Structures are given as structure tokens and as C-alpha cells.
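Q: Attaching a predicted model along with its sequence, questions to come.
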Amino acid sequence: MSFYRKLVDGVAHATETGTVLLCGTPLPPMTFMAGSFAPEAPDACPRCVALAAAAPPRRTVAERLRDEIAGAEPAHLREELSAALLAGAPVNPWTHGATSARARHSARLHEALEGLAEAEAALQSSSPVGVAMVRTESHTFVAIIPETGRPAVVRSSPRRRARPLAPGWSFESAREPAVFAAASSADRVFHAYDGTGSLCGLPEEALEVYLHHYGPGPCPRCDELVAAAPKRPSAQERLHHLIASAEPGPLRDDLSAALTQGTEITLWLGSLGPSLAKSARLDELTENVPAVAAALSRNEHVSLADVLYGNWRSIVVFLGGDPPLIARGPTL
């Protein structure tokens, strides 16, 4: 069984949850996990080494999910999902602790072919909800798992469909308040950090930056400047601006028009081209595929955006300073 590594007073400890050390050593505040626990490392805690060696093997994600969906309705979907997990179908993603509203969004119930009534019943729970997605060649299964209440299984088409557009959506209405990292000064007061220093004027070398956002209250001057900062454009507005330099034509113009209506961007990430080729699912696309495939075959850093609108799925590939490339295919 593997564990995360936490460094406390120069000693590397093992932890499974990040909140409790395996050996029971008290965990000081504001410690961070740093990779995997290595029993052979010279700084490893001897007690954690012994306990880690005695720990039973970690159960697979598929095994844990099969236990979680025991008793799920409808029964025939539960059995089909269980069989798919036994056959090695991947679980990705599996989120935990969401509100019902957020779980409903990630479950993509507008794509459901079966099990919608049971899913709606599971989402009535006031407790946190987990959502797991399992894809097979012919279907996508979604398990909805409230902490209290009966879980449910939904069967959907393997091809995603666009969500209904929100009435009255606009670039302006979708802009969000600016966010800044939190950083503390020597007197342990938190400030808003913009990458060079605090908004209120403290230099970077006088700050300790934290891995969370600044919230209002600690520094009145930072509060004022955060409130006055320009709002952030939505992902749709940013992508709309970026594809303006793409080759003119229906691929660009239809996508551009859809983005102005707030259509869904399901994915936007960057990596080496070959590692993103699987996420692009080029076999589902029908227009301009060769050019996009060639760009993704290059062992260079690219950005990939995936957009659903109407009966179409478009992908946009950004490679270096070249104009973006757009490909699309029907979702029906």
C-alpha cells in the first residue's frame, strides 16, 4: 500500500489522508504533502516504515466503487456497471463531497438515457454527494453516491451533448470578480498577492505566499483594491478572443457565435501534443481533422479546448504562435 509523504521537523512521515500521520506524531498546522512516502529514504520515520509495511494492499478504485454502488437503483444498471468495472472499465473522474447542485452539474444528467428518476431522487439528499463516471465503448455510466441515502446509476450516450443555453447569458454578465493569492506578512496578517507583492504595497520578499485565495477582512487596503480590480472574463470570452485569428469559415464563425451565447467548454488544458491526442477524441470529428492531428503529433507544448454547442463538438488547438486550428464533428 502506498502513502503520501509529509515532512515534519526534518523527518518524512507517511499519511493516507493528509490530516493524520501513520505513526501518530502530532501534525503541526500548515504542513503540505510532498510526493509519495519512500520507506527506503534516509529521513523516513522508522515507525511509519514499519506500519506502512504491515498495511494491507490498497483496494483498487474499481473495487471501492463496486462497494459504493451496492443497493443502487435501477438494479439492472447497477449490475451492468459492476460488470463493466470487473472488466476493467476506467473510473475517471470520481469526485467527493459536492453539493447536490454541483453534483448535478458534473453528472451531466441532460445526457441521461436511463436512470434519470433514480438520479433525481439521490440528489434530493442534503448530505455531500460523490459522482463517479465510467466509460465503456458503448455507454457512459454515472454513479451518484450521496453520503446518506440510496445511490443511483445513470446510463448515458458515450458522446457528450451540449447543455441547454442559459437565457440572457452574455460576456458581461459572466465576468467574475478578480481573485488573488493569499500571503502573510511578518505580523501574520494576510494580504492579497498579485505575483510581485501585496496589493497594498508590501514587497514579495516580505511575504509568505499560501496555496489559497485571499478572502476579505485581514487587510482593509487590500480589500479596497481587490474590490476595485477589473473583473475576469469568462472562459467563453477568452476563447472567443483567441480564435479570432483562426482561418475564417464556418468552423471558426459557428464556434465564435456559440461562445457569445455561453456554450459549454468541457475541457481546456495544456500539455505535449501527443499526450493530448487521446483527450481530443479525433475519431469523433469529421472536419479539418488532418491538420489538427498533425499539430497534436508534434512533441511540443499545445493547448486544447473542447467545446459543445448545438449538435456539434469542436476542438481548438493552440500551437506556439501559429493561428489556432479548429476541428469539429456531430454529436448525434
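A: That came in fine, so what should we check first? Since the structure is predicted, the reported quantities are computational estimates derived from the model, not experimental observations.
Q: Buried ones in stretch 314-323, by neighbour count?
A: Neighbour-count burial for stretch 314-323 flags 314-319 (criterion: 16 or more other Cβ atoms under 10 Å). Any C-beta I mention is one placed from the backbone N, CA and C, and that applies to glycine too.
Q: scratch that, stretch 270-280 is what I was asking about
A: Under 16+ other Cβ under 10 Å, the buried positions of stretch 270-280 are 273, 276-277, 280.
Q: And those residues, which is closest to Ile265?
A: Ala280 (14.2 Å; Cβ to Cβ).
Q: Quick check, pLDDT for that closest one.
A: On pLDDT, Ala280 comes in at 92.
Q: Quick check, it in contact with Leu304.
A: Yes: here Ala280 reaches Leu304: they are 6.2 Å apart, a contact under Cβ atoms under 8 Å.
Q: between those two, what contacts are shared?
A: Common neighbours of Ala280 and Leu304, using Cβ atoms under 8 Å, 6 or more residues apart in numbering, are 296, 315, 317.
Q: Just give the strands next to the helix or strand hosting the last one in its sheet, each with its orientation.
A: Put plainly, it is Val317. Counting by DSSP states H and E, the element that carries Val317 is strand 312-319. As defined by DSSP bridges, the strand partners of strand 312-319 come to strand 301-309 (antiparallel), strand 325-330 (antiparallel).
Q: on that earlier part again, out of the buried residues of stretch 314-323, which two are the most distant from each other?
A: Largest pairwise distance in these, by Cβ to Cβ, is 16.4 Å, between Ser314 and Leu319.
Q: quick one: Ser234 and Phe171 touch, right?
A: Yes: the criterion here is Cβ under 8 Å, and Ser234 meets it with Phe171 at 6.6 Å.
Q: who's more crowded, those two?
A: Counted by other Cβ atoms under 10 Å, Ser234 and Phe171 do not tie: Ser234 has more neighbours, with 20 against 16.
Q: For the residue nearest to the more buried one when sequence neighbours are not counted, grab the count of nearby residues.
A: The shortest distance from Ser234 to any non-neighbouring residue, by Cβ to Cβ, 6 or more residues apart in numbering, is to Ala174 (3.9 Å). By other Cβ under 10 Å, 16 other residues sit near Ala174.
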